[in-house]
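A.B. asks: Give me the fold of what follows.
(one chain, ligands or ions: 1)
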Amino acid sequence: MEAVERAFRALDEGIADYLARKGIRPSCGPGCFACCYGWVTASRLEAQALLPHLTEAQKARVLEEGPRRLALLAREKDDPGFSRRFFLSRSPCPLLEAGLCGVYAHRPLACRGVLTDEDPAYCDPENPHPAPKPHHGPGHFLRVPHRMARRRMEELWEEERAQTGFLVLGELSGLLYLLLTGLPEDREGVEARLEALGVLGGRFGFQVV
Ligand code: SF4
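C.D. replies: This is a model prediction of the structure:
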């Protein structure tokens, strides 16, 4: 879990340094949570590091939402429009509590790298995006923090491979649900479980690599 904490610290410091150097002030803040309607992907290592910090209420919501998302994935994981449709469905992350991230200090890298300096109204799934600026992308989000997060993710993927011999990537709620209910340790077992659920591979499905 140390590697995960290290990656979080390195990303947060890197982003803070970038914002200070460029004089960029993100408009993200408490009560602003449209990005928590998104399809968040995490590695098993990150999800495992989050588990000990979940409250009983959060676990209960994951146990309810996880199977719902896995079933959705089994039906729609190969559909290119899936992620956009999911965002528009406004299904909040089960760790969102009264408009705030309930696991803020332990939230995944994917969440940490999503920042904007635009009007937060643009984050609403229904609203059209503004014309892109050079420091933006994807959409109106800040490009560099997004890339920094991706780089830290890739480091953690290597760490997971070094620890277990393979990497498991998947949607956060579904992955937490699988870990809470017992995901096998070995690669064959993991693949068999995901295959049986119909969520292995495809455009948005779980990856075992
Ligand atoms: S983990 Fe936190 S920041 Fe990430 S989507 Fe869930 S509520 Fe939002």
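
A.B. asks: List the buried residues in the helix or strand of the chain with the lowest mean pLDDT.
C.D. replies: Every helix and strand of the chain was ranked by mean pLDDT, DSSP states H and E. The lowest is helix 82-88, at a mean of 94. Buried positions in helix 82-88, judged by neighbour count with 16 or more other C-beta atoms under 10 Å: 82, 86, 87. Heads up, the C-betas are built off the backbone N, CA and C, glycines and all.

A.B. asks: elements contacting that helix?
C.D. replies: Packed against helix 82-88 by the contact rule (3 or more C-beta pairs under 8 Å, 6 or more residues apart in numbering; DSSP states H and E) you find helix 56-76.

A.B. asks: For the helix it packs on, C-alpha coordinates in PDB please.
C.D. replies: What follows is helix 56-76, C-alpha atoms only, in PDB (Å, rounded to 0.1, in the frame of the first residue of the first chain):
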ATOM      1  CA  GLU A  56     -19.500   0.300   6.900                       C
ATOM      2  CA  ALA A  57     -22.000   2.600   5.200                       C
ATOM      3  CA  GLN A  58     -19.700   3.000   2.200                       C
ATOM      4  CA  LYS A  59     -19.100  -0.800   2.000                       C
ATOM      5  CA  ALA A  60     -22.900  -1.300   2.100                       C
ATOM      6  CA  ARG A  61     -23.300   1.100  -0.900                       C
ATOM      7  CA  VAL A  62     -20.500  -0.600  -2.800                       C
ATOM      8  CA  LEU A  63     -22.200  -4.000  -2.200                       C
ATOM      9  CA  GLU A  64     -25.400  -2.600  -3.700                       C
ATOM     10  CA  GLU A  65     -23.900  -0.500  -6.600                       C
ATOM     11  CA  GLY A  66     -21.100  -2.900  -7.600                       C
ATOM     12  CA  PRO A  67     -23.300  -5.700  -8.900                       C
ATOM     13  CA  ARG A  68     -25.500  -3.100 -10.700                       C
ATOM     14  CA  ARG A  69     -22.500  -1.800 -12.500                       C
ATOM     15  CA  LEU A  70     -21.100  -5.200 -13.300                       C
ATOM     16  CA  ALA A  71     -24.400  -6.200 -14.800                       C
ATOM     17  CA  LEU A  72     -24.400  -3.000 -16.900                       C
ATOM     18  CA  LEU A  73     -20.900  -3.700 -18.000                       C
ATOM     19  CA  ALA A  74     -21.800  -7.300 -19.000                       C
ATOM     20  CA  ARG A  75     -24.500  -6.000 -21.300                       C
ATOM     21  CA  GLU A  76     -22.800  -2.900 -22.700                       C
END
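
A.B. asks: now that helix: mean pLDDT?
C.D. replies: Mean pLDDT, computed over helix 56-76, is 98.

A.B. asks: No more questions from me, cheers.
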